[in-house]
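Peer 1: structure for the following, please:
(chains A and B)
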Amino acid sequence: MEASAARAFRRLAFVTTGVTYFLIFLGGLVRVSGAGMGCPDWPKCYGLWIPPTDVSQLPPAYDPAAFNPVLTWIEYINRLFGVLTGFFIFATLAVAVKNFRKHPQVLYPSIAAFVLVAFQGWLGKVVVKTDLNPFIVTLHLVLALIIVSILIYITQQAYFLENPKAESASLYPSQSSRLAAALWGLGMLQLAFGTQVREKLEWISRAFPLMSEADWVEKIGNIGHLHGAVGIALTATTWVIGYSILRKSDNASPFVVKAVFAVMGLSLAEVVIGLSLVFIGVPAVMQIFHQWTASLYIGLTFALYSALRFGEQRAPVADSSTLRSPVVETS
Amino acid sequence: MEIKDLRKTLLVFSAAVFGITALAVLTIQFADLSRKEIPIYAAVPAFQFQDQDGNPFTEKNLRGKITVLDFFFTRCPSACPVMSKQLEELYKLYASSDKVQFVSITVDPQHDTPDVLRDYAKDHSVVDDRWKFLRGSIQDVITLSEKGCLLPAENLPAGHSTKFVLIDQDAQIRGYFASGEPASLSVLKSNIRELARPLIAQTASTK
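Peer 2: Got it, this is the predicted structure:
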């Protein structure tokens, strides 16, 4: 009973995580397509719940010159999807309260995710009110990543409730979870540098509105070099740590194997995309993928950390050779 | 992992990447195209005014530059201080380019003599030729406002329009923007960039 409830909950949390990732993608799309001010007000758009599609439907209080139906709807779809995501997170909380009240490892993060997503909605309003202040935009992204990390954690804890023996047959090299945590930390740091680059680019583009994109990129300076160097170092580190986990583990779980391969792939892809941004001149679609790949990397390193840690906590029980040896023999 | 599973995973993954890329590219393209569509309202007709230094200023001075134009008067108590403050910010923002100019036309020429306009310019930190303050006969001003810029000019001086008029390098009106509205000013700036693109390319190629 418990296991089937946990499975249903794990599936819900997984879908919620996916929906949230898609929302992060849409948010990036709003930014690079320049649709952030597509709706000048919040939560309504041009004073309406269903925004206008033509300038003739515009309420008289608004300046027709500022109205662009394409940008308006890009922004509004992002908001609608945000509301949908809010519902998913609320459903996750509701199920956690109903079925897992006695499991603080899923209850508390579910509460946190719900509170943070409500705050995130409000922060969306501040983004519009401050006319896309780059700092607030950064905060909006960072909070999204924290929320998605919490959702990943909930999904995993639900999986472990469903399969209490998961990871108990696996033995990972010592310090594995710490190394994964270090990758997550470095990933976050690198993301912070990345947001600084983007913020700087945004301020430069505002201060020098008539310069070409290539000149803007040239003006970024040291933070750009730092971001590039740390990115390459982080990829190398990811590959070294990933390789060592794969090689030195005994019977690593399929999740850990896939997650390690995925973070190695993502880190490499991220460097390639990053270099293309510098050398091809920041094509908009690449900007979204750069940010999205980073978001996936951060989410996955977090999941990897939490799986390895769960495995380490189970390891002493498994290590008494009763659980491990048969598995080792069959492998 | 079995080969079949791997194949399925790869297929789903490729489809997802393709779908998401297509969605992103299409959205960005749509947004870019929608921004490039800047309507042409009318060509600015011939006019002849004088700037704050007494030099003639005609529609020919609009050619080859992007112009932001407004109607104002120096004694104006409410709207004009806000408008002029915003123009001052724009004037400073585009300081590095002589391809963007600002033109403020007084609707109170009797009071706003060249001396008064010069002082007004000084009060708004004008140090070069990029912001001109023009005066002409009141009838010419009304004609330019109503017939040229398609903006109301009743009960002057107080009844002047508070819109900023965006004019391209061929002296054609490309937009009207409500002063005091951040969203409008944001579009004004992005339209200036769009219109100035060919001019920037020219400057870059002659460097």
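
Peer 1: can you count the residues close to the residue lying closest to A:Ala259 once chain neighbours are set aside?
Peer 2: What sits nearest to A:Ala259 in space, not counting adjacent residues and going by C-beta to C-beta, 6 or more residues apart in numbering or on different chains, is A:Leu304, at 4.5 Å. Where you see a C-beta, it was placed from the backbone N, CA and C, and this is true even at glycine. Per other C-beta atoms under 10 Å in any protein chain shown, the neighbour tally for A:Leu304 reads 28.

Peer 1: check whether stretch A:279-297 comes near chain B.
Peer 2: Yes - shown here: stretch A:279-297 in contact with chain B (C-beta under 8 Å from any C-beta of the partner chain) through A:Ala284, A:Val285, A:Ile288, A:Phe289.

Peer 1: which of those residues fall within helices?
Peer 2: Mapping these onto helices (DSSP state H) picks out A:Ala284, A:Val285, A:Ile288, A:Phe289.

Peer 1: hang on, the third one packs against A:Leu26?
Peer 2: By that I understand A:Ile288. No - using C-beta atoms under 8 Å, A:Ile288 is not in contact with A:Leu26; the gap is 9.5 Å.

Peer 1: these two: which has the busier surroundings?
Peer 2: A:Ile288 (28 against 23).

Peer 1: gap between the closest residue to that one other than its chain neighbours and A:Phe22?
Peer 2: Nearest residue to A:Ile288 in three dimensions, chain neighbours excluded: A:Gly28, at 4.2 Å (C-beta to C-beta, 6+ apart). Noted for A:Gly28: a distance of 11 Å to A:Phe22, by C-beta to C-beta, to the nearest Å.

Peer 1: more crowded one of those two?
Peer 2: Neighbour count, other C-beta under 10 Å: between A:Gly28 and A:Phe22, A:Gly28 has more, with 23 against 16.

Peer 1: contacting residues for that one?
Peer 2: Residues near A:Gly28 by C-beta atoms under 8 Å, 6 or more residues apart in numbering or on different chains: A:Gln287, A:Ile288, A:Gln291, A:Trp292.

Peer 1: quick one: residues in contact with the helix or strand bottoming out on mean pLDDT in chain B.
Peer 2: Every helix and strand of chain B was ranked by mean pLDDT, DSSP states H and E. The lowest is helix B:182-206, at a mean of 78. Contact partners of helix B:182-206, identified using C-beta under 8 Å, 6+ apart, comprise A:34, A:37, A:40, A:63, A:65-66, A:68, A:131, A:209-212, B:35-36, B:38, B:64-66, B:68, B:86, B:90, B:93-94, B:97, B:99-100, B:164, B:166, B:168-169, B:174-175, B:177-179.

Peer 1: in strands, which of those appear?
Peer 2: B:Ile66, B:Val68, B:Val100, B:Phe164, B:Leu166, B:Arg174, B:Gly175, B:Phe177, B:Ala178 (DSSP state E).

Peer 1: which pLDDT value goes with residue 178?
Peer 2: I'll assume chain A. A:Arg178 carries a pLDDT value of 93.

Peer 1: wait, I meant chain B there
Peer 2: 88.

Peer 1: so which bits of the stretch 1-150 of chain A are right by chain B?
Peer 2: Within the stretch 1-150 of chain A, the residues that sit near chain B (C-beta under 8 Å from any C-beta) are A:25, A:29, A:32-35, A:37, A:40, A:63, A:65-66, A:68-71, A:74, A:131.

Peer 1: quick one, domains of chain B?
Peer 2: B:1-37, B:42-206 (automatic domain parsing).

Peer 1: buried stuff in the first one?
Peer 2: Put plainly, it is domain B:1-37. Using 16 or more other C-beta atoms under 10 Å in any protein chain shown as the test for burial, domain B:1-37 gives B:Ile20, B:Leu23, B:Ala24, B:Thr27, B:Ile28, B:Phe30, B:Ala31, B:Ser34, B:Arg35.

Peer 1: helices of the chain, start to end?
Peer 2: Assuming you mean chain A. A:2-32, A:69-99, A:104-129, A:134-162, A:176-207, A:213-218, A:222-248, A:254-280, A:284-318, A:324-330.

Peer 1: sorry, should have said chain B
Peer 2: B:3-36, B:79-93, B:114-123, B:138-143, B:182-206.

Peer 1: using JSON lines, lay out the ones you listed together with distance to A:Tyr243.
Peer 2: As requested, the helices of chain B are exported to JSON lines (distance: least, C-beta to C-beta, whole Å):
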{"stretch": "helix B:3-36", "distance to A:Tyr243": "20"}
{"stretch": "helix B:79-93", "distance to A:Tyr243": "51"}
{"stretch": "helix B:114-123", "distance to A:Tyr243": "68"}
{"stretch": "helix B:138-143", "distance to A:Tyr243": "77"}
{"stretch": "helix B:182-206", "distance to A:Tyr243": "47"}
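
Peer 1: average pLDDT across stretch A:201-208?
Peer 2: 82.

Peer 1: that stretch vs chain B: in contact?
Peer 2: Yes - applying C-beta under 8 Å from any C-beta, one finds stretch A:201-208 in contact with chain B at A:Ala207, A:Phe208.

Peer 1: how far away from the center of its chain is that stretch?
Peer 2: Relative to its chain's centre, stretch A:201-208 lies at 26 Å (C-alpha atoms, centre = their mean, to the nearest Å).

Peer 1: just the CA coordinates of it, formatted as PDB?
Peer 2: The C-alpha trace of stretch A:201-208 is given here as PDB (Å, rounded to 0.1, in the frame of the first residue of the first chain):
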ATOM      1  CA  LEU A 201      25.600  42.300 -21.300                       C
ATOM      2  CA  GLU A 202      22.200  43.600 -20.500                       C
ATOM      3  CA  TRP A 203      23.500  46.800 -18.800                       C
ATOM      4  CA  ILE A 204      26.000  47.300 -21.700                       C
ATOM      5  CA  SER A 205      23.200  46.900 -24.300                       C
ATOM      6  CA  ARG A 206      21.200  49.500 -22.400                       C
ATOM      7  CA  ALA A 207      24.100  51.900 -22.000                       C
ATOM      8  CA  PHE A 208      25.200  51.500 -25.600                       C
END
